[in-house]
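In: quick one: sequence plus predicted model below, questions after.
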Amino acid sequence: MQPFVVLDGGMDQTDKKFKTLQERAQSKIREAHALSRGSHGSVLPLLVREVFIQVLSELGVPLVQCISEADFEIASLAKHWGCPVLTNDSDFYIFDLKAGYLPFSFFQWNNISGKATDRFIPARNFTVDRFCSHFNHMNKQLLPLFAVVIGNDYTPAKITEIFFSRVELERVPSGRKYGRSSSPRIEGFLLWLSRYTNPVDALEEVLEILGEQRKGNLRTQLSAGMQDYQLPQRSSLAQYFSSPQPALPDAQGLPAALVSKPEWLLRMVASGKLSSFVLDVLVHQKVLLVAQVENSNLPSSHTTSSSIRKTIYSLLLEKARQDSQTLLGVNQRGRGRGRQSQGKGGQQCDIPCVNEYDRQELNLKKNTVEAHQPKCVPQLDIAAIDKAPTQVRLQVFLGTLGVMDHVLQPLPPHLCFPVCVTYFWMNNCKPKPSQPLLQAILLGLVYGELCWRRAHRNDPLFGSKASVSVCQRLSHLRVNPGQRRGLDLGVAHLLSQWQSCMWAAMFLNQLLCFPLPEPQCAWVFSGTLLHGLEAAIRGGHQCEALLAGDAVAWQLYSILLEALMGPAVSATASRGRGEGQRQAQQRGRGQGGRGRGNEGRGRGNRRGRRGNSSRGTTSSDSSVDNRFALLTIDDSQQWWH
């Protein structure tokens, strides 16, 4: 069995789903707020998508990132290949896939069965044919109409409510049981639909019930929604997985804003090396910033990373602005989205803008942000970023984050990125971080480094008892799930700011074609570890004592501290260290710098991600909108293994 992963890209170019996305973002703000107050729930960490992609790369799992929503492309590819789909999206209860749909919720992940040579995880397979057999063997072509009437992402809730307030549904027999979450409305509507032999007649009846005044617009709207479930015989995605080099997206389906964009950028998007965030900026000039668990009485944590995003916007949109000015003339007001500001000589210049949707207290608010790049950094043309010298691209990155070149000189290459982010965060976060929190972040970097190195046979630290001892000592200070109510909300807010800086800086580094190696997110940040370390240091633990017995660990901590705070602070921290530590400085690294550099995402050592299973892991997002999950029928599914 060979896995293939297809990821969502940016927002739909028609913008027809944007209202739904706003509602979900608003819901996440309230869920994150509840979590910050000690309630139970689940909000995925900000960097979870990047961790997921990095893990897939390490495991050698092929992936492609779509230009917009992936549902239709996934279903088309599954039909083309005749294979099942693994997902948690309820739209796949509607698509007619011969090999079926395997909902994540029915995988028994902890029940690994079979002999050592034939292991399997029990799961359940859902097919449209078996499902329809439970409703008078209804025509499966009626299911798309069912989906758009019952309410998918593109159907206004008002239409659904009007229909069900007027239609007379059959009463569902009390003995019928269709799963764990049966719904009389859904079952009754399916039985009602089963009376019709084809979707044309059923649609006419639905329109009659909704009323004559609505017929024209509704016919178009519902028909378009039904068409979204009609799959082609062949999938354009198949080329991505058959070609050794990243293929270009199908030009026929590209949004107009992407048609003129350089090939290097489109290839990076398709291969997942460039975030879908870039697509939303280019196509819509608007982005939805992901809610985090933070202090809702303070400004959003994303405020801290605003200047990084402004540079991204400038790199992406400046060329479009220049082209527009060339066509329209400098003195003519541009027709694109932007703000007019006074330029030299009294001329008007059109500044590109992006609408950011972010948390303001407990509400989702739109903020219009001007693209801006620091004057001290080189100006790059988006068409030639991939051809610019590495040093020039690095200057743009460091200049944006306010980091001087010499800060990076003593650092291992793969730790330059998180140190740059931490330096930027220290100078831009509000309120300013305490010393215990900064020390906790540095200890977290040391912990990840030790875990990674001692898992590699060619590294001098492989199997090091001293490193094992330090890692265990640090890991024992982790916060347990039951300690959530006692967490410091101020610390949580500052760590959310750090993650936002990391998130935005990763996108900038990607757009600049990796002037710095991209770090493995799961090794540089673990919330449970950092909360525990900060509390321990604040309670009196000394960093020197926590790293005692491992000269390499203390040396690395001192180097990181000096890079961020200067040699005077580092010298004070290092005072009293013995000759053994000085000798340790002569030990070379057994492994070269790791991470994703100019070569893109390569396979790493699979064991390298297994040092501590809790780092970077996330719980499933139980609140994912899954409207058709009620279609689950226990006896219409098979166990798969």
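Out: The structure has been received and is ready for your questions. Numbering: from 1, shown residues only.
In: please enumerate the strands of this structure.
Out: Taking DSSP state E as the test, the strands found in the chain are 5-7, 63-65, 85-87, 101-103, 123-126, 286-288, 338-342, 348-360, 363-370, 637-640.
In: with mean pLDDT and mean neighbour count added, can I get these in a markdown table?
Out: Every C-beta, even on glycine, is put in place using the N, C-alpha and C of the backbone. Below are these laid out as a markdown table (pLDDT from 0 to 100; neighbours: other CB atoms under 10 Å):
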| stretch | mean pLDDT | mean neighbour count |
| --- | --- | --- |
| strand 5-7 | 97 | 19 |
| strand 63-65 | 95 | 22 |
| strand 85-87 | 96 | 19 |
| strand 101-103 | 96 | 22 |
| strand 123-126 | 94 | 20 |
| strand 286-288 | 98 | 21 |
| strand 338-342 | 49 | 13 |
| strand 348-360 | 88 | 19 |
| strand 363-370 | 98 | 14 |
| strand 637-640 | 48 | 15 |
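In: can you lay out those strands as TSV showing distance to residue 153?
Out: Below are the strands of the chain laid out as TSV (distance: least, CB to CB, whole Å):
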stretch	distance to residue 153
strand 5-7	18
strand 63-65	20
strand 85-87	15
strand 101-103	18
strand 123-126	20
strand 286-288	15
strand 338-342	30
strand 348-360	17
strand 363-370	17
strand 637-640	25
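In: and of those strands, who's closest to residue 503?
Out: For the strands of the chain, proximity to residue 503 was assessed by CB to CB; strand 286-288 is nearest, at 11.6 Å.
In: please report how far residue 423 lies from residue 229.
Out: Plainly put, residue 423 is 50 Å away from residue 229 if you go by CB to CB, to the nearest Å.
In: with residue 495 instead?
Out: Distance from residue 495 to residue 229, by CB to CB: 42 Å.
In: neighbour-wise, which of the two wins?
Out: Between residue 495 and residue 229, counting by other CB atoms under 10 Å, residue 495 is the more crowded of the two (26 against 20).
In: ok, which of the strands of the chain comes nearest residue 251?
Out: So among the strands of the chain, strand 63-65 is nearest, using CB to CB, at 15.9 Å.
In: adjacent strands (with direction) for that closest one?
Out: Take DSSP bridges as the rule and strand 63-65 pairs in its sheet with strand 5-7 (parallel).
In: so how far is the partner strand off the chain centroid?
Out: 12 Å (CA atoms, centre = their mean, to the nearest Å).
In: swap in stretch 25-40?
Out: 18 Å.
In: ditto for stretch 298-308
Out: The answer for stretch 298-308 is 18 Å, by CA atoms, centre = their mean.
In: how long is it from one end to the other?
Out: Counting by CA to CA, to the nearest Å, you get 20 Å between the two ends of stretch 298-308.
In: ok, residues contacting it?
Out: With contacts defined as CB atoms under 8 Å, 6 or more residues apart in numbering, stretch 298-308 is touched by 289, 292, 294, 356, 358-360, 369, 372, 374, 400-401, 424-425, 428-430, 493, 496-497, 499-501, 503-505, 508.
In: any of those buried? List them.
Out: When neighbours are counted using 16 or more other CB atoms under 10 Å, these contain these buried positions: 289, 292, 294, 356, 358-359, 369, 400-401, 424-425, 428-429, 493, 496-497, 499-501, 503-505, 508.
In: quick check: residue 317 vs residue 68, distance?
Out: From residue 317 to residue 68 the distance is 19 Å (CB to CB).
In: between those two, point out the one with more neighbours.
Out: It is residue 317, of residue 317 and residue 68, that has more neighbours when counted by other CB under 10 Å, with 24 against 21.
In: which residues does residue 253 contact?
Out: If you count contacts by CB under 8 Å, 6+ apart, residue 253 has them with 67, 236.
In: using CSV, list the CA coordinates for stretch 397-412.
Out: The C-alpha coordinates for stretch 397-412 follow below in CSV (Å, rounded to 0.1, in the frame of the first residue of the first chain):
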residue,chain,number,x,y,z
PHE,A,397,15.9,37.8,5.4
LEU,A,398,18.3,39.2,8.0
GLY,A,399,17.4,42.8,7.3
THR,A,400,13.7,42.1,7.7
LEU,A,401,14.4,40.4,11.1
GLY,A,402,16.9,43.0,12.2
VAL,A,403,19.7,40.5,12.7
MET,A,404,23.4,41.3,11.9
ASP,A,405,25.5,38.8,10.0
HIS,A,406,28.0,38.4,12.8
VAL,A,407,25.4,37.0,15.2
LEU,A,408,25.2,33.8,13.1
GLN,A,409,28.9,33.1,12.8
PRO,A,410,29.4,30.9,15.9
LEU,A,411,26.1,29.1,15.4
PRO,A,412,25.5,25.6,13.8
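In: next, the buried residues of that stretch.
Out: Quick answer for stretch 397-412 (16+ other CB under 10 Å): 397, 398, 399, 400, 401, 403, 407, 408, 411, 412.
In: rewinding a little: out of the strands of the chain, which is closest to residue 17?
Out: strand 286-288 (11.5 Å).
In: got a list of contacts for the closest one?
Out: 11, 21-22, 25, 277, 280-281, 309, 354-357, 366.
In: reformat the residues you listed as JSON lines; add distance to residue 525.
Out: Output for the contacts of strand 286-288, formatted as JSON lines (distance: CB to CB, whole Å):
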{"residue": "11", "distance to residue 525": "27"}
{"residue": "21", "distance to residue 525": "26"}
{"residue": "22", "distance to residue 525": "28"}
{"residue": "25", "distance to residue 525": "23"}
{"residue": "277", "distance to residue 525": "19"}
{"residue": "280", "distance to residue 525": "24"}
{"residue": "281", "distance to residue 525": "25"}
{"residue": "309", "distance to residue 525": "19"}
{"residue": "354", "distance to residue 525": "26"}
{"residue": "355", "distance to residue 525": "29"}
{"residue": "356", "distance to residue 525": "23"}
{"residue": "357", "distance to residue 525": "25"}
{"residue": "366", "distance to residue 525": "29"}
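In: what's the closest of those to residue 265?
Out: For the contacts of strand 286-288, the nearest to residue 265 is residue 281 (11.7 Å; CB to CB).
In: so what's the closest one closest to, chain neighbours aside?
Out: Of all residues not flanking residue 281 in the chain, residue 316 sits nearest, at 5.2 Å (CB to CB, 6 or more residues apart in numbering).
In: surely the one you found touches residue 280?
Out: No - using CB atoms under 8 Å, residue 316 makes no contact with residue 280, being 10.2 Å away.
In: neighbour-wise, which of these two wins?
Out: Counted by other CB under 10 Å, residue 316 and residue 280 do not tie: residue 316 has more neighbours, with 22 against 18.
In: quick one: that one from residue 279, how far?
Out: Look at residue 316 and residue 279: by CB to CB, they are 10 Å apart.
In: got it, and residue 393?
Out: Per CB to CB, residue 393 is found 21 Å from residue 279.
In: between the two, which one's more packed in?
Out: Higher neighbour count among residue 393 and residue 279: residue 279, with 26 against 22, using other CB under 10 Å.
In: mind listing what the more buried one touches?
Out: Going by CB under 8 Å, 6+ apart, residue 279 touches 9, 10, 11, 67, 68, 258, 269.
In: dump these to a markdown table, plus distance to residue 37 and pLDDT.
Out: Putting those into a markdown table (distance: CB to CB, whole Å; pLDDT from 0 to 100) gives the following:
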| residue | distance to residue 37 | pLDDT |
| --- | --- | --- |
| 9 | 34 | 96 |
| 10 | 33 | 96 |
| 11 | 31 | 95 |
| 67 | 39 | 94 |
| 68 | 35 | 93 |
| 258 | 42 | 95 |
| 269 | 38 | 95 |
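In: of all pairs in those residues, which one is the farthest apart?
Out: So, the contacts of residue 279 by CB to CB: farthest apart are 11 and 269, at 13.8 Å.
In: those two: who's more crowded?
Out: Neighbour count, other CB under 10 Å: between residue 11 and residue 269, residue 269 has more, with 27 against 21.
In: hang on, isn't that one packed against residue 281?
Out: No - Residue 269 lies out of contact with residue 281 (CB under 8 Å); the separation is 11.8 Å.
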